[in-house]
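S.K.: no sequence on this one, just coordinates:
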């Protein structure tokens, strides 16, 4: 395989937001250094990874979120070769990897990475299934709330994110993060993503009698999408507006050829209600591997001496 630095480009398979060129363009616009390394064989992409590079005093931190992305049926030997080549292509410093699975974590461990923090559980909605199958996969209470919302006379709208029109959406998200004590990407990322990827940030909103009750913002990237921001007021919760919004957004994305919708963390301990909502939509729980750290490669100051018999 031939390894080279490349411009942000679509990976060889379905990939999460962090490994998409859309993400790289947004971070680059914010002044963050993002580099893409791609391996090809006979001119065809076989593996790719996006890394974020930061300075930590005298060291460089290279962050590899949920990568690399492999071509289907990539042999283990080629994966090993690619992981070795990465550290040589971007030498020195610390490497931090968020493993995409337990199997990927085991692979990284063979290359000097050590687990630091257990991985999250995500909720992923498969949009390749026909709508009747996705409807049948809904949990009973979720399906009942959907029917309740469908009969409540709500009006739904879909529009491209506009920084002026949707300023309150970002303000509500910041307030929600403080109230619920969670961290997420800052408003600056949303603004940069929408500016650098026109049409890839879409807002779905629900209104009733002229009052906005709920909204959600979804980021699209290639054939996958990410649930980015969601908000519901008291009346929206009473009328199950968010349930209807997610169902309608999923149907629309499926019609547009989106294969998978990442609903984000499903933490049944810290946020059990939110986890039930996400998993009740028919999404499957996807356990990520741990966050892992690899220390800099150190060259001995004095090489070992070998004693030879006289």
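M.R.: Cool, got the structure. Just so you know, these numbers come straight off a predicted model, no measurement behind them. Numbering: from 1, shown residues only.
S.K.: Could I get the full set of strands for the stretch 151-300 of the chain?
M.R.: Taking DSSP state E, counting those that start in this stretch as the criterion, the stretch 151-300 of the chain carries its strands at 155-160, 201-208, 211-221, 224-232, 260-265, 284-287, 291-294.
S.K.: And the contacts of the third one?
M.R.: Same thing as strand 211-221. 17, 20-23, 154, 161, 166, 169, 190, 193, 197, 200-207, 225-233, 235-236, 239, 241-242, 245-246, 249, 253, 258, 261 (C-beta atoms under 8 Å, 6 or more residues apart in numbering). Bear in mind the C-beta positions are built from the backbone N, C-alpha and C, glycine included.
S.K.: neighbouring strands for that strand, and are they parallel or not?
M.R.: The strands beside strand 211-221 in its sheet (DSSP bridges) come out as strand 201-208 (antiparallel), strand 224-232 (antiparallel).
S.K.: the inter-axis angle of that strand versus strand 260-265?
M.R.: 120 degrees (axes from the mean of the first three to the mean of the last three C-alpha atoms, to 10 degrees).
S.K.: picking that back up, separate out the buried members of the contacts of strand 211-221.
M.R.: Neighbour-count burial (16 or more other C-beta atoms under 10 Å) applied to these gives 17, 20-23, 154, 161, 166, 169, 190, 193, 197, 200-207, 225-232, 236, 239, 241-242, 245-246, 249, 253, 258, 261.
S.K.: just how off-centre is the helix or strand where residue 35 lies within its chain?
M.R.: Residue 35 belongs to strand 33-41 when elements are defined using DSSP states H and E. Offset of strand 33-41 from its chain centre (C-alpha atoms, centre = their mean, to the nearest Å): 18 Å.
S.K.: Stretch 162-181 too?
M.R.: On C-alpha atoms, centre = their mean, the centre of stretch 162-181 falls 20 Å from that of its chain.
S.K.: Which residue is the nearest non-sequential neighbour of residue 37?
M.R.: residue 49 (5.5 Å; C-beta to C-beta, 6 or more residues apart in numbering).
S.K.: The one you found sits in which helix or strand?
M.R.: With the criterion set as DSSP H and E, the secondary-structure element containing residue 49 is strand 44-56.
S.K.: what's the next secondary structure element after that strand?
M.R.: Read in the C-terminal direction, the helix or strand following strand 44-56 is strand 59-65, with elements assigned using DSSP H and E.
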